[in-house]
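A.B. asks: Quick one, what's the 3D model for this:
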Amino acid sequence: MAQQHKKPKQADDASPNDDSNRIKDPKDWTTGAEPMTGAQESYLHTLAGEAGEEVEPKLTKAEASERIDELQEKTGRGQGGSR
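C.D. replies: Purely as a prediction, here's the structure:
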C-alpha cells in the first residue's frame, strides 16, 4: 500500500470560523488598560501636531489606539485617505 503524504497546514488553510486574525475592538484587548506604548505616544504627537490638537497625557493603549484612529481620519492619514 502506498504511503500518503500530508502537506503541512498553511496560514491560508485556516478555517473560515478562525477569527484569531480579526481586528478586535481596543476595548476588548487584554492589554488595553496598560499605559500607551512609546510608539503610540510618538505617533499621537505627530498626528496631533498636524491636526492642531493636544495629546492627552496618560492614555491607555486602548484609548491611544482610538485617538490615533480619530486623528488619522482628521488628518487624512487613515486607511483610504490620500496624502
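
A.B. asks: For His45, the count of nearby residues, please.
C.D. replies: 12 (other C-beta atoms under 10 Å). Quick note: C-beta positions are derived from backbone N, CA and C, even for glycine.

A.B. asks: SS state for the spatially closest residue to it that is not a sequence neighbour?
C.D. replies: Residue nearest to His45 in three dimensions, not counting chain neighbours: Val55, with 5.5 Å by C-beta to C-beta, 6 or more residues apart in numbering. What DSSP: H, G, I helix; E, B strand; the rest coil gives for Val55 is coil.

A.B. asks: right, and Val55 touches Tyr43 too?
C.D. replies: No: Val55 is not in contact with Tyr43 according to C-beta atoms under 8 Å; the separation is 10.0 Å.

A.B. asks: what separates the closest residue to Gln79 other than its chain neighbours from Ser65, distance-wise?
C.D. replies: Closest residue to Gln79 apart from its sequence neighbours, by C-beta to C-beta, 6+ apart: Gln72 at 7.8 Å. As for Gln72, its distance to Ser65 is 11 Å (criterion: C-beta to C-beta, to the nearest Å).

A.B. asks: do the same with Pro35
C.D. replies: Pro35 is 13 Å from Ser65, by C-beta to C-beta.

A.B. asks: mind listing the helices for the chain?
C.D. replies: 38-51, 61-75 (DSSP state H).

A.B. asks: tell me the angle the last one makes with helix 38-51.
C.D. replies: With axes from the mean of the first three to the mean of the last three C-alpha atoms, to 10 degrees defining the directions, helix 61-75 sits at 30 degrees from helix 38-51.

A.B. asks: rewinding a little: in a markdown table: the helices of the chain, plus distance to Thr31.
C.D. replies: As requested, these are exported to a markdown table (distance: least, C-beta to C-beta, whole Å):
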| stretch | distance to Thr31 |
| --- | --- |
| helix 38-51 | 12 |
| helix 61-75 | 6 |
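
A.B. asks: and those, which is most packed in?
C.D. replies: helix 61-75 (a mean of 18; mean count of other C-beta atoms under 10 Å).

A.B. asks: tell me the mean pLDDT for that one?
C.D. replies: Per-residue pLDDT over helix 61-75 has a mean of 94.

A.B. asks: For the residue nearest to His45, give me its contacts.
C.D. replies: Glu41, Leu44, His45, Ala48, Arg67 (C-beta atoms under 8 Å, 6 or more residues apart in numbering).
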